[in-house]
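Participant: Only the shape, not the letters, is given here:
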């Protein structure tokens, strides 16, 4: 009986023992690709930007969904009325530098000026230049202005409140005009003048052209109430 049992055991298929699978530590692990953080000019992030004035927060496009690598969108925000409110604020500043006929269309030159000005602002203050631009626009926008009311013979000026979008538009125009006039017939470059103008406006200093003009507009409006 024992011999038959041994014979039957030999006829059966050999028993296979499963060995534990060893995972090599050096084996490549498949990872999902992460989108890079969008930084202006590859340096300045917009994640921690604070807009202190709630009235213009919807018209200063600087948060994450408006982040761009370069301030250039090929005019897609000019197709419809009021769509420029969604245009990144640095691009609006860049476009406003292309004023006075000889500068029309020179977008690359304007982008270089803004990029250089941002580097200078960071060296002088150690802050994020985007935050300085936001503070400068908030401080430079007039809250009150005067308009003409009446017909041909009797015309008088009446003080009126300024809408948030108009405040932002006026602030950008005043900042760029101040930088342009400061650089005219001056040894300093326009990038240096733009950096000085933005820093002074962000501080609320009277050395800023935009702050002086804003105070003048509000003073005239106050006298016409």
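Facilitator: That came in fine, so what should we check first? On a predicted model such as this, the values are computed, not experimentally measured, just so you know.
Participant: tell me the contacts of the most centrally placed residue in the chain?
Facilitator: The residue lying closest to the centre of the chain (Cα atoms, centre = their mean) is residue 62, at 4.0 Å. Shown in contact with residue 62 (Cβ atoms under 8 Å, 6 or more residues apart in numbering): 46, 49, 51, 88-90, 130, 133-134. Every residue, glycine included, has its C-beta placed from N, CA and C.
Participant: how about 6 Å then?
Facilitator: The contact partners of residue 62, taken as Cβ atoms under 6 Å, 6 or more residues apart in numbering, are 46, 49, 89.
Participant: swap in residue 225?
Facilitator: Neighbouring residues of residue 225 by Cβ under 6 Å, 6+ apart: residue 159.
Participant: roughly how far apart are it and residue 128?
Facilitator: To residue 128, residue 225 is 39 Å away according to Cβ to Cβ, to the nearest Å.
Participant: again with residue 201
Facilitator: Distance, residue 201 to residue 128, by Cβ to Cβ: 16 Å.
Participant: Between those two, which is the more surrounded one?
Facilitator: Neighbour comparison, residue 201 and residue 128: the larger count goes to residue 201, with 27 against 20 (by other Cβ atoms under 10 Å).
Participant: Now do the more buried one against residue 40, distance only.
Facilitator: In terms of Cβ to Cβ, residue 201 sits 19 Å off from residue 40.
Participant: how about the helices in the chain?
Facilitator: For the chain, applying DSSP state H gives helices covering 2-11, 89-97, 107-125, 129-140, 164-183, 190-203, 209-223.
Participant: hmm, who's touching the shortest one?
Facilitator: For helix 89-97, the surrounding residues in contact (Cβ under 6 Å, 6+ apart) are 60-62, 71, 110-111, 114, 172, 176.
Participant: now do 7 Å
Facilitator: Residues from elsewhere that reach helix 89-97 (Cβ atoms under 7 Å, 6 or more residues apart in numbering): 40, 60-62, 71-73, 84, 110-111, 113-114, 133, 137, 172-173, 176.
Participant: For residue 183, the count of nearby residues, please.
Facilitator: Residue 183 has 19 neighbouring residues, counting by other Cβ under 10 Å.
Participant: I figured it hits residue 193, correct?
Facilitator: Yes. In terms of Cβ atoms under 7 Å, residue 183 counts as a neighbour of residue 193; the distance is 4.3 Å.
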